[in-house]
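Undergrad: sequence first, predicted coordinates after that:
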Amino acid sequence: MPDTYLGFDFGERRIGVATGQTITRSASPLITLKAVDNHPDWISIEKLITEWKPAALVVGIPAHLDGSASDMSKKAERFCRQLEGRFHLPVHRINESLTSFEAEQHLREKKKSTQHNKQEIDRMAAAIILQSWLDQLE
């Protein structure tokens, strides 16, 4: 039976979410969640987990180009620990350097990207994060 996964592009104001599964090893953008009082929208995340029943979660961890941790990578790690504690699912971490840039480029090629399309970029970045993780599976 194929496993389903949810991927997250963590941000302080928005979190992009994607879904993917092992049978086709492909990921698709799903939704962008807005922060609630400067915190992740845990109610919406719980609804997604209940609906999709993922085997695990995949979170992009940003790093500086030299690989060192950034302030945002520490916040993303905290988000990972919170996911683990709340939902008791495995949380896989993957380096997400430049995924938002890659997502924006991809959307520009499709003629959909504008300065005001950040939500589309966030969920596309989540799909790129999840796809990168799926590509590493054997």
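TA: Structure's in. What do you need?
Undergrad: can you report how many residues neighbour L130?
TA: 32 (other C-beta atoms under 10 Å). Yep, even glycine has a C-beta here, placed from its N, CA and C like the rest.
Undergrad: also T24?
TA: Neighbours around T24, by other C-beta under 10 Å: 10.
Undergrad: with the one 3 residues further on instead?
TA: When neighbours are counted by other C-beta under 10 Å, A27 registers 24.
Undergrad: which phi and psi does A55 have?
TA: Per-residue torsions, A55: phi -70, psi -30 (degrees, to the nearest 10).
Undergrad: which residues touch it?
TA: D3, T4, Y5, L89, P90 (C-beta atoms under 8 Å, 6 or more residues apart in numbering).
Undergrad: go again using 7 Å as the cut-off
TA: D3, T4, Y5 (C-beta atoms under 7 Å, 6 or more residues apart in numbering).
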